[in-house]
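Asker: Next come a sequence and a model predicted from it.
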Amino acid sequence: MDAPTPGPVPGPAERPAHAAPGPPDRRGPAATPESGKPRIQLRGLVKSFGSKRVLDGLDLEVEEGESMVIIGASGTGKSVTLKHIIGLLKPDAGSVVVDGVAIEQLDDRAITEFRRRFGMAFQEGALFDSMNVFDNVAFPLRRLSRKSPREIRQRVDECLAMVRLDGLGARDISELSGGMRRRVGFARAIAHEPEILLFDEPTTGLDPVTAALIGEVIRDIGERLERTMVTITHDMHVAFRVAHRIAMLDHGKIIAEAPPEGFRQLSDARVQQFIHGEAEGPLTDQPAGGGAGSGEAGGFGRRPSANR
Amino acid sequence: MESEGEAAAGASRMPGAGEGGKTSLLPAFVERFLLQMGRFVHMLGRLFAWTPRPPYDWRELLRQMVKVGVSSTPVVLLTALFTGMVLALQTFTVLKRFAAESYVGTLVALSMVRELSPVLTSLIVAGRAGSAMGAELGTMRVTEQIDALEVMATDPIHYLVVPRVWAAVLTMPLLVVMADGVGIAGGYFVSVVLMGANPVSYLNTSFQYTNLNDLLSGLIKAAVFGLLLATIGCQQGFYTTGGAEGVGRSTTAAVVLASIAILAADFFLTKLLF
């Protein structure tokens, strides 16, 4: 790895835009969490791959029972952020603190144990194609719990019902559509009753109707299980549907965070451009290699020649 | 879609990955060789560290033994049959010049048991099962299935690599014993049926000079070659980057590197065992 390079301290212009917590989004979860206790803390995360700096001093807190949605364009470091939270990646600098434990300091064995409290749904499902739907959902139960085969069957059925796939346990993975694969991935993520749920780009590549259904399923899971959830997406419909709070990531930093209603009203031009999906604006005016140091995080940035 | 940085993320936990910004004093091929060796030793170390730890997945071990053994059996036996036949054909005509054709059986049996069965069987299994391991694990890597295992508190080496490697180690000697028998039978057929050698004399000379040590050394070679081909196949798949193209590269590398390793190890084992 490259030597850790701490990112510059953000100046006033670079600090994230915040909004006072407003009323919860009409289509979002019914109530915001009340505990206020931080469950996940990302402190000054820096991560580079070769000369490319993907995270550049990222700070974020997720509270107990909160549904946090991180939005941002492809290449801005959303998946990398999620993989840091669950310890699949270690930061070059900064810290990931979950329940008071800095997980980058855990050894391989300790981190394996630590991951039991997480459930993660991957972008394309990451289902084991050598198994059918039932065995995929039962996998964490067989590995992580002492449940009897009968209890496992019962729990798998419950989980499949929660993601609206009742009775499809015997299906092969190859027989599933993209949306169904995501939902099987959700069922597998919640099967062992984890305390923290992570969703990686749950609607990428899906049609709008299926994407809306996926959003509903995530919201249902959030309401029924009352778990801490982190979802990364660039789908604003899903973001507004499932979030208690939305944070926007650009060039490896959080540039804005607010509850859904407040987020819509933020005056930051980058946020407004992203919400409205406009081609012209400050996000697309930024050069790809601009910012602190060489090889910055990706994002919308045009190639320099395109700005001439 | 996965971005460039995010794609790199999948590879960043791998030994030697994510160091693109550094300049190296070593030639590229030396660096690649050292990287492969480092990964091989790292994987072997994790394999031995995880092997004694529960849970023991006997069903998966058996399933992998069937995949390695059953899928390779027909082609291994065919290869052994024709190798034994050609060996008998070649040696019969040469030894006849010295009136020593009665030693054809000895030559075929010793060659098959000590050298040809283990090496040829291993090369065939590397092409079939080793490449399949590379492709399977490579696909699992690029579709995030290996990440999913880690997220579910399951070490991928323990779950994926341990049963595959030990299945190959246990299955290879069984395949080699079968190949020995079929190769010797092929030699018998050519010498006795086609060339008219005395059957009793042929069988006598076949086993008179072939002892248990010859057989055991062949089986030890087979087990070591099984360890090499499966570890290399799994290693290539495990460290795959770059989507479908990367899986193709890993599959090819699994066969090429395993074949080289088998031939190199054969020399050292032969020196050690005889």
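Answerer: It's in. Residues are numbered from 1 along each chain as shown, chains lettered A, B, ... in the order given.

Asker: Contacts only, for residue A:40.
Answerer: Neighbouring residues of residue A:40 by C-beta atoms under 8 Å, 6 or more residues apart in numbering or on different chains: A:60-62, A:85, A:96-98, A:196, A:228, A:230. In short, each C-beta sits where N, CA and C put it, glycine included.

Asker: top of the residues you listed by neighbour count?
Answerer: Using other C-beta atoms under 10 Å in any protein chain shown as the neighbour criterion, residue A:228 leads the contacts of residue A:40 with 27 neighbours.

Asker: was I right about that residue contacting residue A:63?
Answerer: Yes. Using C-beta atoms under 8 Å, residue A:228 is in contact with residue A:63, at 7.5 Å.

Asker: Next up, the contacts around the closest residue to residue B:199 other than its chain neighbours.
Answerer: Closest residue in space to residue B:199, ignoring its immediate chain neighbours: residue B:192 at 4.7 Å, by C-beta to C-beta, 6 or more residues apart in numbering or on different chains. Neighbouring residues of residue B:192 by C-beta under 8 Å, 6+ apart: B:198-199, B:202.

Asker: So in the chain, where's the weakest helix or strand by average pLDDT?
Answerer: You didn't say which chain, so I picked chain A. Least confident helix or strand of chain A, by mean pLDDT, DSSP states H and E, is strand A:17-18 with a mean of 58.

Asker: that answer is for a different chain, and I need it for chain B
Answerer: helix B:4-11 (a mean of 43).

Asker: quick one, phi psi at residue A:122?
Answerer: Dihedral pair for residue A:122: phi -90, psi 160, per degrees, to the nearest 10.

Asker: neighbour-wise, which of the contacts of residue B:192 leads?
Answerer: residue B:202 (24 neighbours).

Asker: sorry, back to before: which neighbours do residue A:228 and residue A:63 share?
Answerer: With C-beta under 8 Å, 6+ apart as the test, residue A:228 and residue A:63 both reach residue A:39.

Asker: And the pLDDT for the residue nearest to residue A:90 when sequence neighbours are not counted?
Answerer: For residue A:90, ignoring the flanking residues on the chain, the nearest one in space by C-beta to C-beta, 6+ apart is residue A:104 at 4.9 Å. Reading off the confidence values, residue A:104 has pLDDT 88.

Asker: tell me the SS of residue A:104?
Answerer: At residue A:104 the chain is in helix, as set by DSSP: H, G, I helix; E, B strand; the rest coil.

Asker: That one reaches residue A:88, doesn't it?
Answerer: No. The pair residue A:104 and residue A:88 fails to qualify as a contact (C-beta under 8 Å) at a distance of 11.4 Å.

Asker: If you count surrounding residues, which of those two has more?
Answerer: residue A:88 (21 against 17).

Asker: distance of the more buried one from residue B:147?
Answerer: Remark: distance between residue A:88 and residue B:147 (C-beta to C-beta, to the nearest Å) = 6 Å.

Asker: Equivalent analysis for residue B:211, please.
Answerer: As for residue B:211, its distance to residue B:147 is 52 Å (criterion: C-beta to C-beta).

Asker: Neighbour count: those two, which is higher?
Answerer: Neighbour count, other C-beta under 10 Å: between residue B:211 and residue B:147, residue B:147 has more, with 22 against 11.

Asker: Regarding the most centrally placed residue in chain B, what is its secondary structure?
Answerer: Centroid-nearest residue in chain B, with C-alpha atoms, centre = their mean: residue B:229, separated by 3.6 Å. Using three-state DSSP, the structure places residue B:229 in helix.

Asker: ok, it - contacts?
Answerer: Contacts of residue B:229 by C-beta under 8 Å, 6+ apart are B:122, B:125-126, B:129-130, B:168, B:258, B:261-262.

Asker: try 6 Å this time
Answerer: B:126, B:130, B:258 (C-beta atoms under 6 Å, 6 or more residues apart in numbering or on different chains).

Asker: Can you classify residue A:198 as helix, strand or coil?
Answerer: Going by three-state DSSP: residue A:198 is strand.

Asker: Any stretches of chain B with poor pLDDT?
Answerer: Applying pLDDT under 70 to chain B flags residues B:1-24.

Asker: in it, which spans are strands?
Answerer: With DSSP state E, there are no strands along chain B.

Asker: Break down it into its helices, ranges please.
Answerer: B:4-11, B:28-50, B:58-97, B:104-111, B:117-125, B:131-142, B:145-151, B:156, B:162-188, B:199-208, B:212-238, B:243-273 (DSSP state H).

Asker: and if you look at the stretch 151-300 of chain A?
Answerer: For the stretch 151-300 of chain A, the helices defined by DSSP state H, counting those that start in this stretch occupy A:178-190, A:208-225, A:236-242, A:260-264, A:269-276, A:282-285.

Asker: Can you give me the neighbour number for the residue in the stretch 1-150 of chain A that chain B sits nearest to?
Answerer: Closest contact between the stretch 1-150 of chain A and chain B, by C-beta to the nearest C-beta, is at residue A:50 (2.7 Å). As a burial measure, residue A:50 scores 17 neighbours (other C-beta under 10 Å).

Asker: Phi first, then psi, for residue A:166.
Answerer: Dihedral angles (degrees, to the nearest 10) for residue A:166: phi -50, psi 140.

Asker: if I look at it, how far off is chain B?
Answerer: Between residue A:166 and chain B the distance is 23 Å, computed by C-beta to the nearest C-beta, to the nearest Å.

Asker: cool, residue A:153 as well?
Answerer: 19 Å.

Asker: what pLDDT does that residue get?
Answerer: For residue A:153, the model assigns a pLDDT of 96.

Asker: quick one on the thing from earlier: the residue nearest to residue A:90 against residue A:89, yeah?
Answerer: No. Residue A:104 lies out of contact with residue A:89 (C-beta atoms under 6 Å); the separation is 9.1 Å.

Asker: Contacts for stretch B:135-153, please.
Answerer: A:86, A:88, A:112, A:115-116, A:120, A:122, A:126, A:128, A:140, A:144, B:156, B:159, B:234, B:237-238, B:240, B:243, B:247, B:250-251.

Asker: let me fix that: stretch B:237-250
Answerer: B:11, B:14, B:39, B:133-135, B:137-139, B:141-142, B:236.

Asker: which residues does the residue nearest to residue A:90 contact?
Answerer: Residue A:104 sits in contact with A:90-91, A:96, where contact means C-beta under 6 Å, 6+ apart.

Asker: Which of these fall in helices?
Answerer: Among those, no member lies in helices (by DSSP H).

Asker: Closest one of those residues to residue A:281?
Answerer: Using C-beta to C-beta, residue A:91 comes nearest to residue A:281 of the contacts of residue A:104, at 30.1 Å.

Asker: what residues are up against the closest one?
Answerer: Taking C-beta under 6 Å, 6+ apart as the test, what residue A:91 contacts is A:45, A:47, A:84, A:104.

Asker: By neighbours, which of those wins?
Answerer: residue A:47 (31 neighbours).

Asker: which SS class is it?
Answerer: strand.

Asker: Which positions are bridged to it in the beta structure?
Answerer: Judged by DSSP bridges, the bridge partners of residue A:47 are residue A:55.

Asker: ok, it - contacts?
Answerer: Residues in contact with residue A:47 (C-beta under 6 Å, 6+ apart) are A:54-55, A:80, A:91-92.

Asker: And the helices of the stretch 151-300 of chain A: which comes nearest chain B?
Answerer: Closest approach to chain B among those is made by helix A:178-190 (8.0 Å; C-beta to the nearest C-beta).

Asker: rewinding a little: neighbour-wise, give me the winner out of the contacts of stretch B:237-250.
Answerer: Counting neighbours by other C-beta under 10 Å, the top entry in the contacts of stretch B:237-250 is residue B:133, with 34 neighbours.

Asker: Surely that one and residue B:235 touch.
Answerer: No. Counting by C-beta under 6 Å, residue B:133 stays clear of residue B:235, with 9.3 Å between them.

Asker: Mind checking what secondary structure the nearest residue to residue A:192 once chain neighbours are set aside has?
Answerer: Excluding its sequence neighbours, the residue lying closest to residue A:192 (C-beta to C-beta, 6+ apart) is residue A:140, at 4.2 Å. Three-state call for residue A:140 (three-state DSSP): helix.
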